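J.: make a model of this:
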Amino acid sequence: MEIRKSAEDYLEAMLMMKEAHGYIRSIDVAEQLGVTKPSVSYATKQLRENGYITMDHANFIVLTEKGMEIAERIYTRHRVLAMFFEKLGVSPEHAREDACKVEHDLSDETFEALCAHIVNME
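T.: From the prediction side, this is the model:
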């Protein structure tokens with residue numbers, strides 16, 4: 001399944017909104033990602049057309065099963081990487097920023113090895 005990094009970022013932000021508020025609004029996604037409302041409108045249109053999200057009767061965004069799978073994968077990578085970087089002594093702010101940069105490009109093999117290493121560290 002090939003998906004662009006920007007779409008992964010949107011899906012991850014949407015999952016974070018869902019966990020934080022119980023719902024997903026476009027305005028919250030724009031604020032989270034630091035983008036304009038028109039950018040979110042364009043992205044949500046693309047995500048809808050590709051089957052990653054739907055809109056409910058109140059115009060809240062709903063992640064589909066396919067969208068949730070991607071969002072959870074990216075968000076898990078983000079949390080694990082940020083935690084690992086912090087254990088290395090990186091400040092929480094820089095750990096989160098660096099995790100955002102790495103989470104998309106890390107192979108599954110390397111991520112699994114990193115997770116195994118973290119388990120062995122404890």
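J.: the residue lying closest to Ile61 once chain neighbours are set aside: what secondary structure?
T.: Spatial nearest neighbour of Ile61, excluding adjacent residues (C-beta to C-beta, 6 or more residues apart in numbering): Ile24 at 3.9 Å. The C-beta positions use only the backbone N, C-alpha and C, and glycine is treated the same way. Assigned with DSSP: H, G, I helix; E, B strand; the rest coil, Ile24 falls in the coil class.
J.: for the chain, what spans make up the helices?
T.: 5-21, 26-33, 37-49, 65-87, 92-102, 108-121 (DSSP state H).
J.: among these, which comes closest to Met55?
T.: Met55 lies closest, by C-beta to C-beta, to one member of these: helix 37-49, at 7.1 Å.
J.: can you list the buried residues in that closest one?
T.: 39-40, 43-44, 47 (16 or more other C-beta atoms under 10 Å).
J.: rebuild those residues as JSON lines, extending it with distance to Met55 and pLDDT.
T.: Output for those, formatted as JSON lines (distance: C-beta to C-beta, whole Å; pLDDT from 0 to 100):
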{"residue": "Ser39", "distance to Met55": "17", "pLDDT": "94"}
{"residue": "Val40", "distance to Met55": "12", "pLDDT": "94"}
{"residue": "Ala43", "distance to Met55": "13", "pLDDT": "95"}
{"residue": "Thr44", "distance to Met55": "8", "pLDDT": "95"}
{"residue": "Leu47", "distance to Met55": "10", "pLDDT": "97"}
